[in-house]
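Student: Generate a structure from the sequence data that follows.
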Amino acid sequence: EPMDRLLSGDVGFGKTEVAMNAIYRAFLNRKQAALISPLVILAIEHFESLSKRLEPFGVNVAVLSRVSTTKEEKIVLQGLRDGTIHCVVGTHRLLSPDIEFQNLGLLVVDEEHRFGVMDKEKLTAMKANLDILSLSATPIPRSLNLALNGVRKISVLTTPPPLKKAIKTTAIKYDISLIK
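Tutor: Okay, the predicted model is just below:
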């Protein structure tokens, strides 16, 4: 039964770390993985983290977004088709009709609440026999409802990693010198 899991946890609690391990497991199972992010800058950060962590183990990681050059796109599209790219990190560009995978096994959706209805329909169309891991610090009510009603599985990271500093929120009077 394909996985459809929502992973919720505070910022910095390790959602990306869990996703990295899932992507590596997909690689070991000879499947491709895709990580889709709503923002170009976040996709690039994920690409850099995944490359640094997984490339020493033979995982070929690529990035694809609207800022990719035509030459870069062509190389990535070919690598996805022939299976030489094991993991692609990208933005909405990954939902385009010209994207073809040789053997996609895992789709990681970061901050799914930032994707629109049309994007979610495209993601749903990809789901057949595909493991889906959705990451969110703030799940949308629909996703949370699906998880709480058992349609989707849910995991919650409630314990911060060692040495994680707590976030302190303070309400104070407006002070321009403090802002500066």
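Student: lowest average confidence, helix or strand, in the chain?
Tutor: When the helices and strands of the chain are scored by mean pLDDT, DSSP states H and E, helix 117-125 comes last with a mean of 65.
Student: Contacts for the very next helix or strand once past that one next, please.
Tutor: Downstream of helix 117-125, the next assigned helix or strand under DSSP states H and E is strand 131-136. Contacts with strand 131-136, where a contact means Cβ atoms under 8 Å, 6 or more residues apart in numbering, come from 2-8, 15-16, 18-19, 22, 26, 105-113, 123, 143. Yep, even glycine has a C-beta here, placed from its N, CA and C like the rest.
Student: Buried residues in strand 131-136, which are they?
Tutor: 131-136 (16 or more other Cβ atoms under 10 Å).
Student: for the residues you listed, which one is nearest residue 172?
Tutor: For the buried residues of strand 131-136, the residue nearest residue 172 by Cβ to Cβ is residue 136; the value is 30.0 Å.
Student: From residue 99, how far out is that closest one?
Tutor: Plainly put, residue 136 is 23 Å away from residue 99 if you go by Cβ to Cβ, to the nearest Å.
Student: now the strands for the protein?
Tutor: 4-9, 32-36, 61-64, 87-90, 104-110, 131-136, 153-157 (DSSP state E).
Student: how far out from the middle of the chain is the fourth one?
Tutor: With Cα atoms, centre = their mean, to the nearest Å as the basis, the distance from the averaged C-alpha position of strand 87-90 to the chain average is 9 Å.
Student: packing partners for it?
Tutor: helix 15-28, strand 32-36, helix 40-54, strand 61-64 (3 or more Cβ pairs under 8 Å, 6 or more residues apart in numbering; DSSP states H and E).
Student: Does residue 36 touch residue 107 like I think?
Tutor: Yes - in this structure, residue 36 is within contact of residue 107 by Cβ atoms under 8 Å, at 7.0 Å.
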